[in-house]
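A.B. asks: With the input below, show me the fold.
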Amino acid sequence: MTQTTAPRVRTLVLLLIAVTGMLLAGAGPASAHAALTGSDPQQGVVVDKAPTQVSLTFSEKVAMNDDSVRVLDPKGTRVDAGKPSNVSGTTYAVRLHGGLPDGTYTVSYQVISDDSHPVGGAYTFSVGAPSKTSVAVGGQDVGGGVVGWLYGLGRYVSYAGFTVLAGGAAFVLACWQRGAGVRALQRLVVSGWVALTAATLALLLLRGSYTTSGKVGAIFDLDLLGQVLQTKTGAALVSRLLLLAAAALFVAVLFGAYEKRDEEEKRDLTFGLAIGGTVVAAGLAATWAMA
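C.D. replies: Numbering: from 1, shown residues only. Sure thing, here's the model as predicted:
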């Protein structure tokens, strides 16, 4: 590597590290999960007249689907009508059927925090006077269980895969170009790509179950997968898969055509690979910020 090329490559590598750090840190302020801060009717209250809607206020904006808020009568029958809507700010409401009889009603909610983590819970209110109810009330176990454990594992594997893939490629270009022909280093970088790709596919499949029922059987539910693809997190995971296809081409060139070039030809190819690798790596890092 010439004296003029080396500083440029080092600059690009430093830029890659800086951009990656900023993009991954973008999710930092949203590290706390959303929490229910208010409701109407309030928890445990007894109202004289049946309300026309139930509204929930959270500590931050949340994502909802048609079943995110359910209101159940004492027998466990749903009495909500239509899907939840954003009333204002962080307050969301769902309309109720008219003519509700007296008794205790259960409000169950399951939403997605701004940090992509599912949050659920339930509480009761009564119309006229409290009554017995067949609905079990308690904090919902969302984001936990086997599916939650697998989803967490997938996230950490994806972090590790990205670090090995981007770091190994940067090491070859900036520090040890002859390493492009070393099998152990080739296997390391390729394993990083495989780990990140496999983890991303797993996260895409697990996402639907992770944010809803948490059941293992729902992992391959195509309807849930379709819903996931319409969310911000789903779009980020699909974008990551597309970028990984470009990363595969980059790795093939780095350990194929690049390794076979002589020193003179490598000079020109090094800078081009550094630019391309920086763009792909920054794009991959951006998918975490997107989600």
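
A.B. asks: Residue ranges in this structure under the pLDDT threshold?
C.D. replies: 1-32, 137-144, 257-268, 271 (pLDDT under 70).

A.B. asks: show me where it has helices.
C.D. replies: 5-25, 145-174, 183-211, 222-229, 232-254, 257-260, 263-290 (DSSP state H).

A.B. asks: and the fourth one with helix 183-211, angle?
C.D. replies: Interaxial angle of helix 222-229 relative to helix 183-211 (axes from the mean of the first three to the mean of the last three Cα atoms, to 10 degrees): 110 degrees.

A.B. asks: hang on, the earlier thing: could I get the helices of the chain as TSV with mean neighbour count and distance to residue 107?
C.D. replies: C-betas here are computed from N, CA, C, even on glycine. Listed next are these as TSV, based on neighbours: other Cβ atoms under 10 Å; distance: least, Cβ to Cβ, whole Å:
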stretch	mean neighbour count	distance to residue 107
helix 5-25	16	36
helix 145-174	19	23
helix 183-211	20	19
helix 222-229	15	22
helix 232-254	18	26
helix 257-260	16	60
helix 263-290	18	32
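
A.B. asks: if we compare those helices, which one ends up closest to residue 116?
C.D. replies: helix 232-254 (5.1 Å; Cβ to Cβ).

A.B. asks: Adding distance to residue 66, write the helices of the chain out as JSON lines.
C.D. replies: Below are the helices of the chain laid out as JSON lines (distance: least, Cβ to Cβ, whole Å):
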{"stretch": "helix 5-25", "distance to residue 66": "32"}
{"stretch": "helix 145-174", "distance to residue 66": "21"}
{"stretch": "helix 183-211", "distance to residue 66": "13"}
{"stretch": "helix 222-229", "distance to residue 66": "9"}
{"stretch": "helix 232-254", "distance to residue 66": "16"}
{"stretch": "helix 257-260", "distance to residue 66": "51"}
{"stretch": "helix 263-290", "distance to residue 66": "24"}
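
A.B. asks: Which of those sits closest to residue 120?
C.D. replies: Closest among the helices of the chain, using Cβ to Cβ: helix 183-211, at 9.6 Å.

A.B. asks: what about residue 79, how many residues close to it?
C.D. replies: 20 (other Cβ atoms under 10 Å).

A.B. asks: show me the contacts for it.
C.D. replies: 71, 72, 73, 96, 97, 100, 105 (Cβ atoms under 8 Å, 6 or more residues apart in numbering).

A.B. asks: same deal with residue 58?
C.D. replies: 34, 35, 36, 37, 90, 91, 92, 111.

A.B. asks: So what pairs up with the third one in the strands?
C.D. replies: Pointing back at residue 36 there. Using DSSP bridges, the bridge partners assigned to residue 36 are residue 58.

A.B. asks: give me the number of residues near it?
C.D. replies: Using other Cβ under 10 Å: residue 36 sits among 18 other residues.

A.B. asks: Renumber starting at 761 from here on
C.D. replies: Okay, using 761 as the starting number, the last item reads as residue 796.

A.B. asks: hang on, isn't it packed against residue 817?
C.D. replies: Yes: between residue 796 and residue 817 a contact is recorded at 7.3 Å, counting by Cβ atoms under 8 Å.

A.B. asks: on that earlier part again, please convert the buried members of the contacts of residue 839 into PyMOL selection syntax.
C.D. replies: Listed next is the PyMOL selection for buried residues among the contacts of residue 839, using 16 or more other Cβ atoms under 10 Å:
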select buried, resi 831+832+833+856+860+865
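
A.B. asks: Quick one: the contacts of residue 839 as a markdown table, columns for distance to residue 916 too.
C.D. replies: As requested, these are exported to a markdown table (distance: Cβ to Cβ, whole Å):
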| residue | distance to residue 916 |
| --- | --- |
| 831 | 37 |
| 832 | 37 |
| 833 | 43 |
| 856 | 42 |
| 857 | 45 |
| 860 | 47 |
| 865 | 41 |
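
A.B. asks: from the contacts of residue 839, which is closest to residue 824?
C.D. replies: residue 831 (14.1 Å).

A.B. asks: With adjacent residues omitted, what lies nearest to that closest one?
C.D. replies: residue 840 (4.3 Å; Cβ to Cβ, 6 or more residues apart in numbering).
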